[in-house]
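Need coordinates for the below:
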Amino acid sequence: MKITEQDQFPAQITVWRKDDSVRARAESLRSVTLPDGTVTKLLRDGAVGRFNLANGDKILKLRFNRKWHLVPTMEEVQMWTLDSVCETPDGRMVEPDAPDSWLSLLKLV
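Reported below is the predicted structural model:
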């Protein structure tokens, strides 16, 4: 089944490309101190970006455990809100209010 951005939950985009750089909202970044003492900013779990596909379509992806995952469809989100379990981006089943659940990452609980 082909998923388009129109099928996906309308997650707020917090990471985007501008010119030749990537920009992110402050809540999508965390400060990390490197071994040499310098401080850098890294993306947090839950950052959402819009990606261009080869055919010209666009799709939303959410960053989780250093990987980008497709944002679920509206149908999946609706199912999890009615169920006692919810999937995580890496495929585990957890309680809907668990920090790693899609519902938590999409800020629905």
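
Show me what the top strand by length along the chain is packed against.
Among the segments of the chain that qualify as a strand by DSSP state E, the longest is strand 58-64. In terms of contacts (3 or more CB pairs under 8 Å, 6 or more residues apart in numbering; DSSP states H and E), strand 58-64 is packed against strand 48-52, strand 67-70. For the C-beta atoms, the positions are set from N, CA and C on the backbone; glycine is no exception.

roughly how far is the last one from the heart of the chain?
Between the mean C-alpha point of strand 67-70 and the mean C-alpha point of its chain there is a distance of 7 Å (CA atoms, centre = their mean, to the nearest Å).

Could you do the longest one as well?
Taking the mean of its C-alpha atoms, strand 48-52 sits 9 Å from the chain's own mean (CA atoms, centre = their mean).

Ok, stretch 84-104 next?
Relative to where its chain is centred, stretch 84-104 has its mean C-alpha point 13 Å off (CA atoms, centre = their mean).

picking that back up, can you tell me which of the helices and strands packed on strand 58-64 is most buried?
Of all those, strand 48-52 has the most neighbours on average by mean count of other CB atoms under 10 Å, namely a mean of 16.

Could you figure out how far that one is turned away from strand 58-64?
140 degrees (axes from the mean of the first three to the mean of the last three CA atoms, to 10 degrees).

Show the average pLDDT along strand 48-52.
Averaging pLDDT along strand 48-52 yields 90.

So which elements touch that strand?
strand 15-18, strand 58-64.

go again using 6 Å as the cut-off
Applying 3 or more CB pairs under 6 Å, 6 or more residues apart in numbering; DSSP states H and E, one finds that strand 48-52 makes contact with strand 58-64.

The closest residue to Lys41 other than its chain neighbours and Leu53: what is the separation?
Nearest non-adjacent residue to Lys41, counting by CB to CB, 6 or more residues apart in numbering: Leu29, 4.4 Å away. Between Leu29 and Leu53 the distance, using CB to CB, to the nearest Å, works out to 26 Å.

contacting residues for Asp100?
Thr88 (CB atoms under 6 Å, 6 or more residues apart in numbering).

In this protein, which helix is the longest?
helix 74-82 (DSSP state H).

For the residue nearest to Lys41, which residues count as its bridge partners?
Leu43 (DSSP bridges).

Cheers, nothing more for now.
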